[in-house]
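Colleague: please find the sequence and the predicted model below.
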Amino acid sequence: FPIAFHSVDFGRRLFQAPGGSSKTGCMGAVRRCRAQKGVRPMVQRHQDIRDAVAQLCGQYPGEYWREKDRNHEYPGEFVRALTEAGFLSCLIPEEYGGSGLGMSEAAVVMEEIQASGCNGGACHAQMYTMGTVLRHGSEEQKRMLLPGISSGELRLQAFGVTEPTSGTDTSRIRTTAVKEGDTYRVNGQKVWTSRIAHSDFMLLLARTAARDAGEKPHHGMSVFLVDIRKAQGKGLAIKPLRAMINHATTEVFFDDLIIPASSLVGEEGKGFRYILDGMNAERILISSECIGDGRWFIEKATCYANDRKVFDRPIGMNQGIQFPIARSYAELQAAALMVERAADMFDDGKSCGAEANMAKLLAADASWKAADMCLQTHGGFGFAEEYDVERKFRETRLYQIAPISTNLILSYIAEHVLGLPRSF
């Protein structure tokens with residue numbers, strides 16, 4: 001299998017989480033339940049990748065993630081392990097040191113990370129941001145960046161698009177990049193820029209022409225590849241933004257930052273289209289994470305419902321407990337099929353905007369309903385940190401809003417698929 005050249009050899013090289021690989025507490029109970037009850041992954045494709053990812057993730061149990069979440073620490077050890085195993089470079093062509101795999105395989109990687117109780121939010125951006133460089137970057141930019149990402153020497157984890165005043169109306173961003181000879185001068189602010197403190201480069205969307213200067217409002221925006229190592233302290237400032245989930249998110253300030261003209265990706269003024277090119281990949285990968293989250297919640301609830309006894313009987317005997325779990329399973333299974341379809345269309349080079357959006361909508365809804373069901377099944381224990389339910393509950397809630405809200409997806413389907421009048 002192609003991934004093997006990255007030495008995914010867990011017999012000889014076993015990744016160890018800090019403090020050992022203890023599987024005590026609730027995650028140990030989940031693993032025992034899987035063995036006893038045979039809870040199966042919902043989609044069986046690429047089983048060799050699934051097994052390898054699950055084995056790696058097994059070395060980072062709930063205790064590891066609870067500590068990182070409690071202290072708002074970046075899971076560097078976990079990300080390094082994924083990188084060394086070759087999983088984070090699976091979409092990079094082999095000529096640049098990657099595995100040369102497709103979106104279908106990448107989606108499986110992200111699904112299994114979440115299904116194992118881990119958090120792919122620490123590293124998922126690297127998979128979809130590099131697509132902009134692959135499709136629109138110069139050969140020099142690709143040679144400079146992609147082999148380093150494949151080897152783990154470099155990270156492209158940060159994506160600077162959202163601003164405090166523009167929100168989802170990207171055409172109204174105010175960050176500017178003004179051409180000055182063979183450089184650009186950047187000024188402005190970004191918000192919710194996650195992982196920039198743990199990244200070497202960032203993709204930045206900035207205005208190179210006024211909003212009213214082009215034929216359409218989204219014209220006049222350009223994408224830049226910014227070397228954070230050189231820029232920080234020289235016009236680039238990063239301010240941590242603590243949030244309810246541990247995604248290492250920040251505010252970023254640009255104050256007369258000078259970057260070389262060679263930082264421009266593709267053509268000036270076409271940045272919005274370049275960003276859109278990567279959004280289908282982003283939505284498919286995030287959808288896969290939601291499927292993984294849903295699997296985790298369903299397995300967790302099933303195990304607890306079988307083991308927990310009240311009034312001298314397992315609570316899982318009660319239809320009031322059974323039916324919500326069964327419904328969540330059915331809804332997640334259906335969402336997983338849409339994610340599969342979107343990934344296959346992406347790999348076939350077909351237009352998949354509608355499918356990627358519907359996959360994101362259905363998977364995010366299914367995982368959120370599964371999270372609510374799982375918490376309800378656990379009762380008071382669902383709020384206990386040790387059970388990991390409350391952490392995963394918070395993490396999967398994000399995807400009702402990011403990277404695109406469910407309401408905007410519904411607007412897209414209404415207008416672009418069904419032909420209804422534009423609502424905004």
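Modeller: Ah, there it is.

Colleague: residues contacting A305?
Modeller: P314, I315, G316, I321, Q322, I325, T377 (Cβ atoms under 8 Å, 6 or more residues apart in numbering). Backbone N, C-alpha and C define where each C-beta goes, glycine included.

Colleague: please identify which helix or strand holds it.
Modeller: For A305, the enclosing helix or strand under DSSP states H and E is helix 271-307.

Colleague: just to revisit the earlier point, turn the contacts of A305 into JSON lines, columns for pLDDT, secondary structure and neighbour count.
Modeller: As requested, the contacts of A305 are exported to JSON lines (pLDDT from 0 to 100; DSSP: H, G, I helix; E, B strand; the rest coil; neighbours: other Cβ atoms under 10 Å):
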{"residue": "P314", "pLDDT": "98", "secondary structure": "strand", "neighbour count": "14"}
{"residue": "I315", "pLDDT": "98", "secondary structure": "helix", "neighbour count": "19"}
{"residue": "G316", "pLDDT": "98", "secondary structure": "helix", "neighbour count": "19"}
{"residue": "I321", "pLDDT": "98", "secondary structure": "helix", "neighbour count": "20"}
{"residue": "Q322", "pLDDT": "97", "secondary structure": "helix", "neighbour count": "15"}
{"residue": "I325", "pLDDT": "98", "secondary structure": "helix", "neighbour count": "22"}
{"residue": "T377", "pLDDT": "98", "secondary structure": "helix", "neighbour count": "27"}
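
Colleague: pick the one among those residues closest to N246.
Modeller: Set against N246, the nearest of those by Cβ to Cβ is T377 (24.4 Å).

Colleague: closest one to M279 out of the contacts of A305, please.
Modeller: I325 (33.0 Å).

Colleague: surely that closest one touches A301?
Modeller: Yes - with contact defined as Cβ atoms under 8 Å, I325 reaches A301; the gap is 5.2 Å.

Colleague: shared neighbours, those two?
Modeller: Common neighbours of I325 and A301 (Cβ under 8 Å, 6+ apart) are M373, T377.

Colleague: what comes up buried for the helix holding A305?
Modeller: 271-272, 274-275, 278-305 (16 or more other Cβ atoms under 10 Å).

Colleague: state the distance from the residue nearest the centre of the chain to F323.
Modeller: Nearest to the centroid of the C-alpha atoms of the chain, with distances taken as Cα atoms, centre = their mean, sits H124, at 3.8 Å. Remark: distance between H124 and F323 (Cβ to Cβ, to the nearest Å) = 33 Å.

Colleague: what of V389?
Modeller: Plainly put, V389 is 19 Å away from F323 if you go by Cβ to Cβ.

Colleague: neighbour-wise, which of these two wins?
Modeller: V389 (24 against 11; other Cβ atoms under 10 Å).

Colleague: how about the contacts made by the closest residue to the more buried one other than its chain neighbours?
Modeller: Distances taken as Cβ to Cβ, 6 or more residues apart in numbering place G382 nearest to V389, at 4.5 Å, with adjacent residues excluded. Residues counted as contacts of G382 (Cβ under 8 Å, 6+ apart) are C374, L375, Q376, V389, E390, F393.

Colleague: can you lay out the residues you listed as CSV showing pLDDT?
Modeller: Below are those laid out as CSV (pLDDT from 0 to 100):
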residue, pLDDT
C374, 98
L375, 98
Q376, 98
V389, 98
E390, 98
F393, 98
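
Colleague: export these to TSV and append columns for distance to L146.
Modeller: Output for those, formatted as TSV (distance: Cβ to Cβ, whole Å):
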residue	distance to L146
C374	39
L375	41
Q376	45
V389	38
E390	38
F393	36
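
Colleague: which of the residues you listed has the most neighbours?
Modeller: C374 (29 neighbours).

Colleague: quick one: secondary structure of the residue nearest to V389?
Modeller: At G382, secondary structure determined by DSSP: H, G, I helix; E, B strand; the rest coil is helix.

Colleague: where does this protein dip in pLDDT?
Modeller: Under the criterion pLDDT under 70, the flagged ranges of the chain are 1-43.

Colleague: burial count for T170?
Modeller: 18.

Colleague: which residues touch M221?
Modeller: By Cβ under 8 Å, 6+ apart, the residues touching M221 are T170, S171, I173, L205, A206, R207, T208, G269, G271, F272.

Colleague: just those residues now: which is nearest R155?
Modeller: The shortest approach to R155 among these belongs to L205, at 19.0 Å (Cβ to Cβ).

Colleague: nearest residue to the closest one other than its sequence neighbours?
Modeller: With sequence-adjacent residues excluded and distances taken as Cβ to Cβ, 6+ apart, L205 is closest to V161, at 4.8 Å.

Colleague: hang on, isn't that neighbour packed against Y274?
Modeller: No - using Cβ under 8 Å, V161 is not in contact with Y274; the gap is 11.3 Å.

Colleague: show me what whichever helix or strand F346 is part of is packed up against.
Modeller: F346 is located in helix 319-347, with elements delineated by DSSP H and E. For helix 319-347, the packing partners by 3 or more Cβ pairs under 8 Å, 6 or more residues apart in numbering; DSSP states H and E come out as helix 103-115, helix 271-307, helix 353-378.

Colleague: packing partners for the first one?
Modeller: So the one you mean is helix 103-115. Judged by 3+ Cβ pairs under 8 Å, 6+ apart, helix 103-115 is in contact with helix 47-57, helix 124-136, helix 271-307, helix 319-347.

Colleague: how about 6 Å then?
Modeller: With contacts taken as 3 or more Cβ pairs under 6 Å, 6 or more residues apart in numbering; DSSP states H and E, helix 103-115 sits against helix 47-57, helix 271-307, helix 319-347.

Colleague: and if you look at the last one?
Modeller: For helix 353-378, the packing partners by 3+ Cβ pairs under 6 Å, 6+ apart come out as helix 271-307, helix 319-347, helix 389-397, helix 406-412.

Colleague: pairing partners for the helix or strand just after the first one, with directions?
Modeller: Beyond helix 271-307 in the direction of the C-terminus, DSSP H and E gives the next helix or strand as strand 309-310. Take DSSP bridges as the rule and strand 309-310 pairs in its sheet with strand 313-314 (antiparallel).

Colleague: picking up where we left off before, switch the helices and strands packed on helix 319-347 over to a markdown table; also include distance to A81.
Modeller: Below are the helices and strands packed on helix 319-347 laid out as a markdown table (distance: least, Cβ to Cβ, whole Å):
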| stretch | distance to A81 |
| --- | --- |
| helix 103-115 | 11 |
| helix 271-307 | 17 |
| helix 353-378 | 24 |
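
Colleague: those helices: which one's closest to L134?
Modeller: L134 lies closest to helix 271-307 among the helices and strands packed on helix 319-347, at 9.4 Å (Cβ to Cβ).
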